[in-house]
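1. sequence first, then the predicted structure, then my questions.
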Amino acid sequence: MTGFLVATLVGHQGLAAAIVIAMIAAALAGAITGIGVGVFKVHPLIMTLGMSLVVLGLANVWQLIMVQTGAGVPSELRWIGSGTFAGLIPSSLLVWLPLTAFLLFMLRRTGYGRLLYAIGDNPVAARLSGARSWQVLVVLYVISALLAGIAGFLFAGLTNVANVNLVDSFVLPSVAAAVIGGTSIMGGRGGFSGTIVGALILTVLSSLLAVLGFPEAIRQVLFGSIIVAVAAAYTRVTAES
């Protein structure tokens with residue numbers, strides 16, 4: 001959504017204003033999702049999927065209004081998304097490295113990070129300890145939405161296409177990367193460093209399947225199977241402990 005908004009707004013508003021508007025839209029979507037989960041106790045998966053459909057619908061409406069399909073990806077985003085230094089080092093590392101450092105520090109060295117793990121592990125105990133879980137969750141979903149927005153900029157720059165359905169095929173692999181990296185979908189376990197490892201494993205595996213000639217459908221089946229198997233293992237280990 002953010003990549004598409006920038007592509008449709010940059011010609012009229014300029015790059016800086018287009019990025020700010022897109023990030024505000026992403027933050028708003030994240031805040032609504034966080035309120036649904038934290039305040040109204042909607043299941044996170046249901047709330048996230050429902051909000052994704054709302055965002056997709058609004059993006060399609062915006063596309064009809066603008067009569068534009070994303071051909072105007074700014075050159076700056078193309079450089080940061082697909083450019084390289086010395087033909088080897090991706091320019092996107094200029095964004096990824098600071099964000100990685102920020103996330104690792106936030107999760108490991110701040111009180112907010114400890115609250116996240118506490119609420120994920122045992123929300124009742126965290127609430128009884130004085131944690132305002134709904135506030136923590138709202139902030140979490142806003143941060144997540146902003147990070148997704150930044151990823152949208154990078155992917156639009158990488159592909160030189162901004163379309164509302166551009167990253168649909170990456171929803172399942174993104175979950176699989178987190179699960180493979182040791183993050184429990186039940187909450188309370190995992191970390192960003194493990195997700196990085198999971199993403200690297202999936203990238204190598206996907207490249208290997210592509211070289212062997214397997215179609216995208218086979219890769220989707222494999223990623224789904226990995227999620228189910230690892231989630232089942234986590235459930236069993238949690239029950240036994």
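-> Great, that's in hand. Residues are numbered from 1 along each chain as shown.
2. may I see the buried residues of the longest helix seen in the chain?
-> Counting residues, the longest helix found in the chain (DSSP state H) is helix 133-159. Within helix 133-159, the residues that qualify as buried are 133-134, 136-146, 148-159, counting by 16 or more other Cβ atoms under 10 Å. C-beta: built from backbone N, CA, C; applies to glycine.
3. what sits closest to the spatially most central residue of the chain if chain neighbours are left out?
-> Residue closest to the mean C-alpha point of the chain, counted by Cα atoms, centre = their mean, is residue 148 at 4.3 Å. Among residues not flanking residue 148 along the chain, residue 26 sits closest, at 6.5 Å (Cβ to Cβ, 6 or more residues apart in numbering).
4. isn't the one you found right up against residue 151?
-> No: counting by Cβ atoms under 8 Å, residue 26 sits too far from residue 151 to count as a contact (10.1 Å).
5. quick revisit: OK, contacts around the residue nearest to the centre of the chain?
-> 2, 26, 30 (Cβ atoms under 8 Å, 6 or more residues apart in numbering).
6. against residue 2, how distant is the last one?
-> Using Cβ to Cβ, to the nearest Å, we find residue 30 at a distance of 12 Å from residue 2.
7. the two: which has the busier surroundings?
-> Shown here are residue 30 and residue 2; by other Cβ atoms under 10 Å, residue 2 has more neighbours (28 against 23).
8. test my guess that the more buried one contacts residue 23.
-> Yes: using Cβ under 8 Å, residue 2 is in contact with residue 23, at 6.8 Å.
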